[in-house]
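> next input, structure requested:
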Amino acid sequence: MRIVDHPFPRFVAPVVHACALAAAVPALAQELPAAAPTVAFRGFGSVGAVHSDYRDADFTSSILKGEGSGASRALSYNLDSRLGAQLDATFSKHWSAVVQVNLEQRYDLSYKPTVEWANVKYQATPDLALRVGRIALPIFLAADYRKVGFAYPWVRPPQEVYSGVPISNSDGADLAYRWQHAGVKHVTQAFYGRTDIHLTDTTSVSARGIAGLTHSAEYGAATVRVSAFTAQLNADIMRELFDGFRQFGAPGIAIADRYDVIDKRINVVALGLNYDPGSWFLMAEGGTSNGHSFLGRSRGMYASAGYRTGAFTPYLIHSRTDARDGTSDPGLPTAGLPPPYAAAATQLNMGLDTLLKARASQTTMAAGVRWDVRPNMALKLQVERVKPRAGTRGTLNNLQPGFRSGVAVHVTSAVLDVVF
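Numbers count the residues shown, from 1 in each chain. Below you'll find the model as predicted:
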């Protein structure tokens, strides 16, 4: 899942690419000389501040953030702050391209620019389009504007759902078909690709063979989106822990094979609903995932409602996530082991238990207000009560010795979002 390590994406060429693009390339060569491309530049940015009253863990806006508010610092300016720029180029009625670059804190605490999108689009017909390159992963309602804070009503998308799929793009291809039936507008989208993330110099996560299908239906003020995808995961997170288990022969190898992320299949299904007649809105999303590893099975959901009155939009959010697999494992048996080996096995078992507590169960209640200061500027204030449950750490990280599951964490966030 490497977000950006190269300025241009690796082009994954599935069957769609071979069939459709090969026939289309000569058309591009004929059309390009006819006129200079039309280029449009757009930008967006957010400046945020987050305060947590809990000092035994960090509240974060994403598991891909390197630090948060709480244990690291009471007030953090890194969680929701970002800057983005997008360049759109139209070459003809059939061909166009887009590049989007973002700047925000990464897992290693750096602020290296990342290429969020970089793709070429071929509009074969008014209803059929093919894109190749780095493309938004079309899983959630906010898939196409996940990084643009101005586009959604809250400070950030609810993490109980969106942290379940922290990646937002893939390098590959997608094919989208628009159609109508009985007054309902439909978009069916198939996609295929891969993605990589280097969290640190020694830690990375990759997803290969990302294959999925998304269908959206729009009728009046209502939009419904259902998505599903599968991928092959590899991650060297906690690799030392699992290598340690493997040193204990068959019992340790069995534990490592069960939980380590080496060629493990992940399956995700999501469903979203948005109803927005103008003066108010109702949004809800839910999904399930199965990582077949220490990631386990989980499900998450949120429901949010807001009312627009003039330039102000007060809103409420209720969200939760639940781990569907156990959050503990007895690990290696220590009875009968020589003292040094028993001590090592005990340490490994403790490490595994800590890791499994990352299978999040958590409930959040939030209230906020959005003030549209100007047509391109919004100020948001949001308060949240975040409560990890069932002995887990929820979506919190950087746990301190005094951390206790079940303790409510109170978070206050403010963010200024702009588009230009």
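
> how about the strands in the stretch 251-400 of the chain?
262-275, 280-290, 297-307, 312-323, 362-374, 377-388 (DSSP state E, counting those that start in this stretch).

> can you tell me what sits against the fourth one?
Going back to what we said before, that points to strand 312-323. 153-154, 158-161, 163-164, 296-307, 359-372, 390, 392, 394-395 (C-beta atoms under 8 Å, 6 or more residues apart in numbering). Every residue, glycine included, has its C-beta placed from N, CA and C.

> now which of those residues would you call buried?
Buried members of these, scored by 16 or more other C-beta atoms under 10 Å, are 153-154, 158-161, 163-164, 296, 298-306, 359-364, 366, 368, 370, 372, 392, 394-395.

> right, and the helix or strand after the host helix or strand of Phe191?
Using DSSP states H and E, the element containing Phe191 is strand 184-198. The helix or strand immediately downstream of strand 184-198 is strand 204-219, counting by DSSP H and E.

> can you show me the CA trace of the strand holding Phe191 as PDB?
Extracted in PDB, the C-alpha atoms of strand 184-198 (Å, rounded to 0.1, in the frame of the first residue of the first chain):
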ATOM      1  CA  VAL A 184     -32.700   5.700 -11.500                       C
ATOM      2  CA  LYS A 185     -29.200   6.700 -12.500                       C
ATOM      3  CA  HIS A 186     -26.700   3.900 -12.200                       C
ATOM      4  CA  VAL A 187     -22.900   3.700 -12.300                       C
ATOM      5  CA  THR A 188     -21.200   0.300 -12.300                       C
ATOM      6  CA  GLN A 189     -17.500   0.300 -11.900                       C
ATOM      7  CA  ALA A 190     -15.000  -2.600 -12.000                       C
ATOM      8  CA  PHE A 191     -11.400  -2.000 -10.900                       C
ATOM      9  CA  TYR A 192      -8.100  -3.900 -10.600                       C
ATOM     10  CA  GLY A 193      -4.700  -2.800  -9.300                       C
ATOM     11  CA  ARG A 194      -2.100  -2.900  -6.500                       C
ATOM     12  CA  THR A 195      -0.800  -0.500  -3.900                       C
ATOM     13  CA  ASP A 196       2.100  -0.200  -1.600                       C
ATOM     14  CA  ILE A 197       2.800   1.900   1.600                       C
ATOM     15  CA  HIS A 198       6.200   2.300   3.200                       C
END
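
> ok, Arg265 touching Asn234?
No. In this structure Arg265 lies outside contact range of Asn234 using C-beta atoms under 8 Å: 11.2 Å.

> looking at these two, which one has more neighbours?
Here Arg265 and Asn234 are compared on neighbour count by other C-beta atoms under 10 Å; more neighbours surround Asn234, at 16 against 13.

> please verify my assumption that that one contacts Ser206.
Yes. Using C-beta under 8 Å, Asn234 is in contact with Ser206, at 4.9 Å.

> check the secondary structure at the one residue sitting closest to the centre of the chain for me.
Nearest to the mean C-alpha position of the chain, by C-alpha atoms, centre = their mean, lies Pro166 at 2.4 Å. Here Pro166 is recorded as coil under DSSP: H, G, I helix; E, B strand; the rest coil.

> show me where this structure has its helices.
15-16, 22-31, 159-162, 239-246, 249-259, 339-356 (DSSP state H).

> closest one to Arg55 among those helices?
Shortest distance between Arg55 and the helices of the chain, using C-beta to C-beta, is found for helix 339-356: 19.1 Å.

> for the closest one, buried residues please.
Buried, per 16+ other C-beta under 10 Å, within helix 339-356: 344-345, 348-349, 351-352, 355-356.
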